[in-house]
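Participant: One predicted model, sequence on top.
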Amino acid sequence: MMMRIATFANSDQMITSSLRTQATMATLQVQEASGLKSGYLADYGADTQHVVNLQVSVTRSQSYIDAATLADSKVQVMYSAVGQVSDIVTSLRSALSAASSSSSTATASAISSAQQLLQQMAGVLNTQYDGQYLFGGARTSTAAVDTSTFATGAGSLTTVDTSYYRGDSELASVRVSDAQSVTYGVTADDSAFEKVMRVLKYVANSSTLSGSDITSALAVADAAVDDVATVQAKISNAASRIESAKSQQTEYKSYAESLATDLTSVDVAAVTAQLSTYQAQLTASYTAISKIQSLNLASYLR
C-alpha cells in the first residue's frame with residue numbers, strides 16, 4: 001500500500017505528541033533534580049490534605065522541641081545554681097560547727113564567713129540565662145534578690161523574712177505537647193532559700209554568738225540543707241520530664257516527616273530510567289518528523 005503524499009495531518013499529530021513528551025520530560029527533570037513529585041501542593045490530588053496535615057504536625061513538633069530545648073538549658077543552669085546554694089549552706093554549717101568550740105576567733109570567722117556567703121547567695125539567686133533572671137518568677141528582667149536593706153539590721157532565726165525578694169509567685173513552665181506542660185521553675189523566696197537567707201543574715205549581723213545561738217543557727221541550717229536537696233530533686237525530675245517529652249516529639253517529627261516524604265518524594269532512579277525512555281522516544285519522533293517534512297510532490301514524482 002502506497003503512503004499518501006498529503007502528510008500534514010500525520011506531521012501535526014507527531015509534533016503534538018513530541019510536545020507532550022517534552023512536557024513530560026520537563027516534569028521528570030524537575031522531579032529528578034528536587035526528588036519531589038511536585039513543588040505545588042495542588043498537584044498531589046487526594047493526598048494534598050494529608051501532606052498539609054503532616055507538614056503542620058512537623059512544624060508544631062519542631063516548635064515543641066525548640067521550647068523544650070530552651071527550657072532544658074534553663075533547668076540545667078538552675079540545677080547548678082541550687083547546687084551552689086547547697087555548697088553555701090554546707091560552708092556555713094562548717095563555720096558554725098567550728099565556732100561551737102566557743103573560741104572567739106572561730107566565732108568571728110563564722111560571722112565574717114556568713115557576711116561573704118550572704119552576698120554570694122544573693123549572686124546565685126540572681127543567676128541569669130540568655131539575659132533573663134531565672135529565680136524571679138515571671139519578672140525575668142528584674143533581679144530576683146536585692147540585699148541592700150535586707151542585709152542590714154539584726155536578723156531572726158524564727159521569723160520568716162523574704163523582704164529580699166523582688167520577683168513574683170509565677171513558676172516557669174514549658175508546653176512540650178498539645179496536652180502536656182512541665183513546670184520547672186523555682187523562685188528565690190522558696191522556703192528552702194528563705195531559710196538559707198535567714199540564717200545567713202542572723203549570723204552575719206551578730207556581734208557575737210553564744211552557744212545557744214550557734215545551736216539554733218545550726219538547726220535552721222540543717223533544715224535548709226534538707227529543703228535545698230528537695231528543691232534540687234524537683235528540678236531534676238522536671239528536667240527528666242522535659243527531656244522525655246523532647247525525645248517523644250523528636251520521634252514523632254521523624255515519623256511524620258517519613259510519611260510526608262512517602263507522599264511527596266519520587267524514586268530518583270526510576271525517574272532517571274523514565275527520562276532515558278522518553279529521550280529515546282523523543283529522538284525517534286524528531287527523526288520521523290524530519291523524514292515526513294522532507295517529503296514533497298517533486299521528490300515523489302522523481
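Facilitator: Alright, I've got the coordinates. Residues are numbered from 1 along each chain as shown.
Participant: Which of the helices or strands spans the residue nearest to Ser57 when sequence neighbours are not counted?
Facilitator: The shortest distance from Ser57 to any residue that is not its chain neighbour, by C-beta to C-beta, 6 or more residues apart in numbering, is 4.6 Å, and that residue is Ala256. (Each C-beta comes from the backbone N, C-alpha and C, glycine too.) Applying DSSP states H and E as the criterion places Ala256 in helix 211-264.
Participant: which secondary structure elements does that helix contact?
Facilitator: helix 48-99, strand 181-183, helix 191-204 (3 or more C-beta pairs under 8 Å, 6 or more residues apart in numbering; DSSP states H and E).
Participant: neighbouring contacts of stretch 169-184?
Facilitator: Outside of stretch 169-184, the residues within contact range by C-beta atoms under 8 Å, 6 or more residues apart in numbering are 60, 64, 67-68, 70-71, 74-75, 78, 134, 137-138, 185-187, 235, 238-239, 241-242, 245-246, 248-249.
Participant: just the buried members of these?
Facilitator: Buried subset of the contacts of stretch 169-184 (neighbour count, 16 or more other C-beta atoms under 10 Å): 60, 64, 67-68, 71, 74-75, 78, 134, 137, 185-187, 235, 238-239, 241-242, 245-246, 248-249.
Participant: Need phi/psi at Leu157.
Facilitator: The main-chain torsion angles of Leu157 are listed as degrees, to the nearest 10 and equal phi -90, psi -10.
Participant: For it, report the pLDDT, please.
Facilitator: As summarised for this prediction, Leu157 has a pLDDT of 95.
Participant: How many neighbouring residues does it have?
Facilitator: Taking other C-beta atoms under 10 Å as the criterion, the count of residues near Leu157 is 16.
Participant: tell me the contacts of the residue nearest to Ser57?
Facilitator: The contact partners of Ala256, taken as C-beta under 8 Å, 6+ apart, are 54, 57-58, 61.
Participant: cool, and Thr142?
Facilitator: By C-beta under 8 Å, 6+ apart, the residues touching Thr142 are 133, 136, 166-167.
Participant: could you dump the residues you listed to TSV with neighbour count and pLDDT?
Facilitator: TSV is the format used below for the contacts of Thr142 (neighbours: other C-beta atoms under 10 Å; pLDDT from 0 to 100):
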residue	neighbour count	pLDDT
Tyr133	21	98
Gly136	26	97
Arg166	17	97
Gly167	21	96
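Participant: ok so, going back, got the helices and strands packed on helix 211-264 as JSON lines, with mean pLDDT and distance to Arg20 columns?
Facilitator: Compiled in JSON lines, the helices and strands packed on helix 211-264 are given as follows (pLDDT from 0 to 100; distance: least, C-beta to C-beta, whole Å):
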{"stretch": "helix 48-99", "mean pLDDT": "94", "distance to Arg20": "25"}
{"stretch": "strand 181-183", "mean pLDDT": "96", "distance to Arg20": "56"}
{"stretch": "helix 191-204", "mean pLDDT": "97", "distance to Arg20": "77"}
